[in-house]
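Asks: Got a sequence here, can you build the structure:
(chains A and B)
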Amino acid sequence: MPAPFSKSADRRLRIVALAVGTGGLAALALATYLGSPEVRETGYAPRQPVEYSHKLHAGDLGIDCRYCHYTVEKSAFAALPPTEVCMNCHVRVKKDSPLLEPVRESHASGRPIPWVRVHRLPDYVYFNHRAHVTAGVSCVSCHGRVDQMIVVRQVKPLSMTWCLDCHRNPAPNLRPVEEVTNLGWQPDRDPAEIGREILEANQIQPPTNCSGCHR
Amino acid sequence: MANELTGKHYWRSLDELTGTPEFREWLHREFPEGASELTSPHSRRRLLKLMAASFGLAGLISCRRPEERILPLAERPEDYIPGNPLYYATAMTVGGLATGLIVEAHDGHPTKIEGNPKHPASLGAASALAQASILNLYDPDRSQRVLENGRPSSWERFSQAVPNLFPAPGEGVWVLSEPASSPSLGAVRRHFLDRFPRAQWVDYDPLSRSAELQGARIAFGRRLQPQYDFSKAEVIFALDCDFLGVDVPSLRAVKQFAKGRHVENEHDSMNRLYVAESAFSITGAMADHRFRIKPSGAAALALALAGKGNGAPYWLDILRRDLEAHRGRSLVVAGPRQPAAVHALVWLINAELGNLGETVWFTEPPLPPSPQSVGDLAAALEAGEVKTLLILGGNPAFDAPADAELAARLEKAGTVIHLGAEVNETARAAHWHLPEAHYLEAWGDARALDGTASVQQPLIRPLYEGKTAAETLALVSGYPQQRGYDIVRTYWMERFSGDKERAWRRALHDGVIEGTAFAPVEVALRRDAVDAEAAKLAASLEGQSGLEVAFYPSASVWDGRFANNGWLQEMPDPMTKLVWDNAALLSPATARELGVETGDVLRLEREGRSIEVPVYVMPGQADGAIALEVGYGRRNVGRVGNGVGHDVYPLRTAATMGYAAGVSASPAGRRYKLVTTQEHHVMEGRPLVLEATIEHYRTEPDFVDQAVHVPEPESLYEHPDLTGEYQWGMAIDLNACTGCNACLVACQVENNIAIVGKKEVARGREMHWIRLDRYFTGDIADPRAVFQPVACQQCEHAPCENVCPVAATSHSPEGLNDMVYNRCVGTRYCSNNCPYKVRRFNFLDWHGDVPGVKKLVFNPDVTVRMRGVMEKCTYCVQRIQEKKIQAKTEGRRQIEDGEIVTACQQTCPADAIVFGNIADPNSRVSQVKKRNRDYVMLAELNVKPRTSYLAKLRNPNPELALAETNGGGHASMHGPAPPGASPFRILNSAEGV
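Replies: Residues are numbered from 1 along each chain as shown, chains lettered A, B, ... in the order given. Sure thing, here's the model as predicted:
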């Protein structure tokens, strides 16, 4: 009776097991990488109902962020501008542009423009714009150089570890409050040193306990 | 009497006291039966199938991010900052009288109701009913459109029909309205009656308190409204009057009464409360002396106290002496169930005690008298004289006196028009049904008991087609103004002087219209009239015998109007702790006599009318008297309230609106499952409530330390890193707490706490973060009761934190025991290890099927929890964080004391809850915690809770206490001791951990 397994069976089994094991680990690593907020969340740049360019308005024309996002210092939520804010200028500027049709339509009808949310946090996270902006955390720390973006995209992962990195060491992201909306701010000395000074002067102690963000 | 503490033991139910096997079984289960089963609507097998499928799909779905839209308003309203709440003053009307409220609105929809400190009926507090009324606004079962013979119609069609329905002089036109103090509605009503001079008008409130006004008419010759000041009263005698609960507009009364209960130290004085009542009320629980009487016994007591009767009980002379010793500083009050003659006697007694103008005075009544009665309407219906009946609000087909037989007689009217918030029992009998607007979506006005007028300001545009009673009446009568806003504004603008626009804005801002309170009226006692009524009353008492039933407002559903409100249905009754039900409350002796026990259905009969109600044996209930709560057993109210409880109105006639004698009772031979929360989360008889007489307190000011002092052992646990600038703590004064449930509902609204339903409460799955433990002590038949609100104690050495495998609960540097819902995996170890049993687990997805419109009630500052997640009190951490951020961004570094108020603290009418920074020795909470009555529960565990309690005090009359121990007719029988050790054990240092 021939042996049920050949001499090389063990060896072949080992190779197969190794291949399956390695492949499995590689797949797991790949899935972890692809599923990480850095990959999954960053780069999201949905098409908006109005082809609005932040580069043109905030960058080239130099309109301050707070002209449109007017609640950022007063509320947890950085409000999107009411249509009448757009129309402050656009009743005169480019008043017949076809690109502005949805804006004029909204202004006439009173119905909101359905903007698509780009930066999204889970419902159980209570981020507060007011607390950050008035402490000297610039828009750029979380939103990147929006003044250079034609279409806004998410550039930071907005994950919990990413939040905590800054909450544990906030100095690098602090700047004088008046420079918060100056996205291209270039200080004349070491920004880290300025951050440390602000940290000490204003006794900034970002919470790292759970209820700081989860309620 | 030497030491009130020793040997005293506390029990929560008869089952616990007698130690029935069922109770011990319940107690020793780690989690209630069936708690780990996944029940309806899907089986476990089906769940696994679904889960497998969803995991498969999850991989695909996660590649695409859900698209979320942001819709900014095209035009921004003034003052509106997206994300920040706005607050408006308004007023809620129940029984025609206003309670001033401050309502919080998030992004255009109201989310939370609090009291208006400037309003005399609120003084900053809001009752459980007022707070929960916001859920009625978002009730998807609310009446949404006009119905004509049950078919959808419109206001236009109704206005076309008006000329035919209301012919010119108003012959055969009847209006049945809820009583209203609203000045602008009064103006429309006068216009209506001018236009239709032959029309007849009836005001009806099933829970009317008009007896005290009629009593004043007897005593002083005029229908007058009594106004009380309980804060000035040092000795109070409540005669069948639950003035801290349901029998007077109670928020103001509780605020005033609590002033006499806030005892700072052993040298302080305290008011004394005597209560004679039939059903055990929360006023009875606060009493220093409580006497059980049948409802009819109140009349005999009033007669005896006024010196017009004999056969007074032994204690009445002692009470009289105590009252006389406090002339001008005492108060006698009678409840609305008592006839006018009893009230007249009470005014006589107060006059003789020199209390008139001191603790009680009289003003014009805010509610006008009803020209006709429901009985008149019933007679006219029977005679076929009613061509058109306009019913403005209310639900008379359900709650009118049974002998009026209104439900059946409505068929005899030509046309019945019903304006109501629900398509209820009356709407079903009406030809036209008109949807009534909720008070949070309509303009109006109303007076408080003292006459102060408020403008009722809407927080949101009407969700459906609702109109108010004033708007409907304006439509019918062709009033010059048709919109609610115009009716109210025009009325008041005509009355303001000076800068009218400014006065209007001030009225809206403050929530009260200055100078509208009624002035006190000079009264002269008419002794002859009172004597005559007293003689009639004495004669009517002759020969009364047999069982008596008394009708009480429900603390949950009131007269039935809140039956579709899940928060209120699930709110345990303050005394019985029953949820989702009413019951016939019987004393243990009466139950024995009738051969029934809790859960047996009892058949009650009187004059050919009968009802069937389940029995609940209630310690402290008067023998021979049955207490019935009205408002349950609604048939047409909505998905939540249909068929909940038992309708007792069929036994209540026009002559017996308060109580009825001569009732026969027999077991119906059925059983019915009643559910209470009183045995849930029991802490097995450890010393939780501490109580002493004020005399004992004076001789031993440190009685609390004697009772719970333990040496400070080292803890095995690592001390948390309490580096925060603020250290939060709370103190609850058991001496002020009345157990009214306002905090429980405030917490539920603020923190998005789920409603679970009767079946799940039976399994011990109720979600309330605050529970109000009600302990009895003493004799089974005639115990005393104590309340203790228990929420998370925020232990510094929190036992829950050490057992969480995923660190979902951990300590904040400010001493809060944080709970992270998104991290919780639902092991329930924390709940198991919690010595206070204050953690609540989402066994099912309670919020999963919340209808869309109901989601508007959620507080956006608090996470809505899903299934499988543990939750608990966090000292309203969202409010703490909000104020901290505000303080920081405004450049202020320190939060002021009292700036942060928790939801429970804010609404407590007794100001029993104090919250603040215990790191600041000058904060109010630190000051309160320094008092010698301060103790923590289960101190021997050394978990260092941040919530402490101030021990309860009683102020018994020494003379009467002596008479009681001598057995002066007062029962002194004690119930059988429970098996094992006494549930109340005093720990001394030797006995410590």
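Asks: The residue nearest to B:Ile770 when sequence neighbours are not counted: what's it in contact with?
Replies: Using Cβ to Cβ, 6 or more residues apart in numbering or on different chains and skipping the chain neighbours, the partner closest in space to B:Ile770 is B:Ala791 (4.4 Å). Bear in mind the C-beta positions are built from the backbone N, C-alpha and C, glycine included. Each residue near B:Ala791 by Cβ atoms under 8 Å, 6 or more residues apart in numbering or on different chains is listed here: B:Cys747, B:Trp769, B:Ile770, B:Arg771, B:Val838, B:Lys872, B:Cys873, B:Cys904, B:Thr947.
Asks: can you list the domains in chain A?
Replies: Domain segmentation of chain A under automatic domain parsing yields A:54-80+A:118-207, A:83-114.
Asks: So which of these is the most surrounded?
Replies: domain A:54-80+A:118-207 (a mean of 17; mean count of other Cβ atoms under 10 Å in any protein chain shown).
Asks: and that domain with chain B, contact?
Replies: Yes: using Cβ under 8 Å from any Cβ of the partner chain, domain A:54-80+A:118-207 reaches chain B at A:71, A:73-77, A:79-80, A:120, A:122-124, A:126, A:128, A:130-131, A:134-135, A:203, A:207.
Asks: Which ones among those residues lie within helices?
Replies: Cross-referencing these against helices under DSSP state H gives A:Arg130, A:Ala131.
Asks: burial of B:Val523, as a residue count?
Replies: Per other Cβ atoms under 10 Å in any protein chain shown, the neighbour tally for B:Val523 reads 18.
Asks: Identify the residues contacting the closest residue to B:Ala306 other than its chain neighbours.
Replies: Nearest non-adjacent residue to B:Ala306, counting by Cβ to Cβ, 6+ apart: B:Leu345, 4.8 Å away. By Cβ under 8 Å, 6+ apart, the contact list for B:Leu345 reads B:Gly215, B:Ala302, B:Leu303, B:Leu305, B:Ala306, B:Lys308, B:Val530, B:Glu533, B:Ala534, B:Leu537.
Asks: three-state assignment of B:Leu345?
Replies: Secondary structure state of B:Leu345, per DSSP: H, G, I helix; E, B strand; the rest coil, is helix.
Asks: Could you do B:Asp15 as well?
Replies: helix.
Asks: Pull up the gap between it and B:Thr777, please.
Replies: 16 Å (Cβ to Cβ, to the nearest Å).
Asks: And B:Ala654, by the same measure?
Replies: 40 Å.
Asks: ok, now B:Pro85?
Replies: Applying Cβ to Cβ, the value for B:Pro85 to B:Thr777 is 43 Å.
Asks: now swap in B:Thr111 and tell me
Replies: According to Cβ to Cβ, B:Thr111 and B:Thr777 sit 40 Å apart.
Asks: A:Thr181 too?
Replies: 65 Å.
Asks: Which helix or strand lies directly C-terminal to the lowest-mean-pLDDT helix or strand in chain B?
Replies: Ranking every helix and strand in chain B by mean pLDDT, DSSP states H and E puts helix B:44-61 at the bottom, with a mean of 56. Per DSSP states H and E, the first helix or strand lying C-terminal to helix B:44-61 is strand B:69-70.
Asks: how about the nearest residue to the residue in chain B positioned nearest to chain A, chain neighbours excluded?
Replies: Proximity of chain B to chain A (Cβ to the nearest Cβ) peaks at B:Gly83, 3.2 Å away. In this structure, B:Gly83 finds its nearest non-sequential neighbour in A:Phe77, 3.2 Å apart by Cβ to Cβ, 6+ apart.
Asks: Check pLDDT for the contacts of B:Leu345 and point me to the minimum.
Replies: Ranked by pLDDT, the contacts of B:Leu345 bottom out at B:Lys308 (85).
Asks: which residues of chain A score low on pLDDT?
Replies: By pLDDT under 70, the weakly predicted segments of chain A are A:1.
Asks: Longest helix in it, please.
Replies: For chain A, the helix that runs over the most residues, judged by DSSP H, is helix A:9-35.
Asks: Just confirm yes or no for it near chain B.
Replies: Yes: interface with chain B: helix A:9-35 contributes A:Gly35 (Cβ under 8 Å from any Cβ).
Asks: can you count the residues close to the closest residue to A:Leu99 other than its chain neighbours?
Replies: Leaving aside its chain neighbours, A:Leu99 sits nearest to A:Glu51 (5.5 Å; criterion: Cβ to Cβ, 6+ apart). Residues lying near A:Glu51 (other Cβ under 10 Å) number 11.
Asks: For A:Glu51, give its distance to A:Ser97.
Replies: A:Glu51 is 10 Å from A:Ser97, by Cβ to Cβ.
Asks: what's the answer for B:Arg506, then?
Replies: According to Cβ to Cβ, B:Arg506 and A:Ser97 sit 48 Å apart.
Asks: one step back: between B:Asp15 and B:Thr777, who's got more neighbours?
Replies: Taking neighbours as other Cβ under 10 Å, B:Asp15 and B:Thr777 compare with B:Asp15 leading, 19 against 16.
Asks: Settle this for me: the more buried one is touching B:Glu679, isn't it.
Replies: Yes: using Cβ atoms under 8 Å, B:Asp15 is in contact with B:Glu679, at 6.7 Å.
Asks: In its sheet, which strands sit next to the top strand by length along chain B, and in what direction?
Replies: Secondary structure of chain B per DSSP state E: the longest strand is strand B:659-671. Sheet pairing of strand B:659-671 (DSSP bridges) gives strand B:547-552 (antiparallel), strand B:600-606 (antiparallel).
Asks: buried ones in the longest one?
Replies: Within strand B:600-606, the residues that qualify as buried are B:Asp600, B:Val601, B:Leu602, B:Arg603, B:Leu604, B:Arg606, counting by 16 or more other Cβ atoms under 10 Å in any protein chain shown.
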